[in-house]
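Peer 1: predicted structure and sequence below. I'll ask about it afterward.
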Amino acid sequence: MYIVILSPEQEIFSGQVKAVRVPGSAGSFEMLENHAPIVSSLEAGEVRLTLPNGQKKTFRIQGGFVEMLNNEVSLLVSGVQEA
């Protein structure tokens, strides 16, 4: 699946991933390929990406929103830094 992570200032990351874990406002959850469509607000916490080669990437965010539709994930975040 494809992900794009955007902050108000710039594009943080885009590319193919195997899994995405986000800090949802009702608790953290993970999205895999063919996940049901979802829109959720995000709390401060860590966004964890699993890349196709198995490598992990982690970003700390202050909050934001996530949308998953047709194997495309859009993360709109604020206060982001790579961990």
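Peer 2: Received, thanks. Note that the coordinates shown come from a computational prediction; the quantities given were computed from them, not determined experimentally.

Peer 1: same question for stretch 65-77, mean pLDDT?
Peer 2: The average pLDDT for stretch 65-77 rounds to 97.

Peer 1: and for stretch 10-30?
Peer 2: 96.

Peer 1: list the buried residues in that stretch.
Peer 2: Going by neighbour count (16 or more other C-beta atoms under 10 Å), the buried part of stretch 10-30 is 12, 13, 17, 20, 21, 22, 23. Just so you know, the C-beta spots here come from the backbone N, C-alpha and C atoms, and that holds for glycine as well.

Peer 1: mind listing what the last one touches?
Peer 2: Residue 23 sits next to 42, 43, 44, 45, 46, 47, 61 when contact means C-beta atoms under 8 Å, 6 or more residues apart in numbering.

Peer 1: in the sheet, who's paired with the fourth one?
Peer 2: This points to residue 45. Residues in a beta bridge with residue 45, per DSSP bridges, are residue 61.

Peer 1: tell me the contacts of it?
Peer 2: 22, 23, 28, 60, 61.

Peer 1: let's see stretch 27-46 as CSV, backbone CA atoms only.
Peer 2: The C-alpha coordinates for stretch 27-46 follow below in CSV (Å, rounded to 0.1, in the frame of the first residue of the first chain):
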residue,chain,number,x,y,z
GLY,A,27,-6.1,4.0,21.1
SER,A,28,-3.3,3.0,18.8
PHE,A,29,-4.1,0.8,15.8
GLU,A,30,-2.4,-0.7,12.8
MET,A,31,-3.4,-0.7,9.1
LEU,A,32,-2.3,-3.4,6.7
GLU,A,33,-3.0,-3.9,3.0
ASN,A,34,-6.8,-4.0,2.2
HIS,A,35,-7.8,-2.4,5.5
ALA,A,36,-11.3,-1.1,5.6
PRO,A,37,-11.8,2.6,4.7
ILE,A,38,-11.2,4.7,7.8
VAL,A,39,-10.8,8.3,8.9
SER,A,40,-9.5,9.0,12.4
SER,A,41,-8.1,11.8,14.5
LEU,A,42,-4.7,11.2,16.0
GLU,A,43,-3.2,12.0,19.4
ALA,A,44,0.4,12.9,20.2
GLY,A,45,2.5,9.7,19.9
GLU,A,46,4.5,7.6,17.4
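
Peer 1: fine by me, thanks again.
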